[in-house]
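Participant: Just to be clear, the model below is a prediction. Sequence and coordinates:
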Amino acid sequence: MVEQGKVTALEYGKATVEIPRKSACDKCGMCLIIPTEQVVRITLDNQVDAKVGDTVELTMGGSYVLIASLITYFVPLVFFALGIILGAVIISELAGIIGGVIFAVIAYVIIALLDKKFKLKRGFAPTITRIIGKGDNNE
């Protein structure tokens, strides 16, 4: 996956990049941005020595996008189904529905707790690969 963004800030070898929000962002919710926000802000290692105002290319491996999608959507679905089955078999149909919701919430809590660990692994976070255009205030 390749995106373009604009560097808005630099600090301690890191660059904050704003990426225009895509329509897919409405469905994902992975980065927890405000629904009315028009950009996604992310802070990354500045390996290409980009300056404020530069337009940069960001790359994230396609297999990592697939794995992140599976974690985000499939794991809670499995937990939901497991909760329904356990609740319905052990207690009642109503308990199955409640169990499904509780198990889905547990799955999302686990994903949220492990999120930072995954983001630190190479490939799950985008990488600034090159400078596409120099900003107005660069020499």
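Facilitator: Received it, and whenever you're ready, just let me know what you need. Numbering: from 1, shown residues only.
Participant: Which of the residues in the longest strand seen in the chain are classified as buried?
Facilitator: Longest strand in the chain by number of residues (criterion: DSSP state E): strand 2-11. By 16 or more other Cβ atoms under 10 Å, the buried positions in strand 2-11 come out as 3, 5-8, 10. Yep, even glycine has a C-beta here, placed from its N, CA and C like the rest.
Participant: need the next SSE after that strand, C-terminal direction.
Facilitator: Next helix or strand after strand 2-11 toward the C-terminus (DSSP states H and E): strand 14-20.
Participant: contacting residues around that next one?
Facilitator: Strand 14-20 has contacts (Cβ atoms under 8 Å, 6 or more residues apart in numbering) with 3-10, 38-46, 50, 56, 58, 128.
Participant: Please apply the same query to stretch 95-108.
Facilitator: 75-89, 91.
Participant: what's the distance between that stretch and the middle of its chain?
Facilitator: 23 Å (Cα atoms, centre = their mean, to the nearest Å).
Participant: cool, stretch 11-23 as well?
Facilitator: 13 Å.
Participant: What are the buried residues along that stretch?
Facilitator: Result for stretch 11-23 [16+ other Cβ under 10 Å]: buried residues 15-17, 19, 21.
Participant: Please work out the average pLDDT along that stretch.
Facilitator: The predicted model assigns stretch 11-23 a mean pLDDT of 82.
Participant: CA-only coordinates of that stretch in CSV, if you can.
Facilitator: Extracted C-alpha coordinates of stretch 11-23, given in CSV (Å, rounded to 0.1, in the frame of the first residue of the first chain):
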residue,chain,number,x,y,z
GLU,A,11,10.9,16.4,16.3
TYR,A,12,13.8,14.1,17.5
GLY,A,13,14.3,12.4,14.1
LYS,A,14,10.6,11.8,13.6
ALA,A,15,8.3,13.5,11.1
THR,A,16,4.6,14.1,11.6
VAL,A,17,2.8,13.4,8.3
GLU,A,18,-0.7,14.3,7.4
ILE,A,19,-2.4,12.0,4.9
PRO,A,20,-5.7,13.0,3.3
ARG,A,21,-8.5,10.8,4.7
LYS,A,22,-9.9,8.2,2.3
SER,A,23,-13.5,6.9,2.2
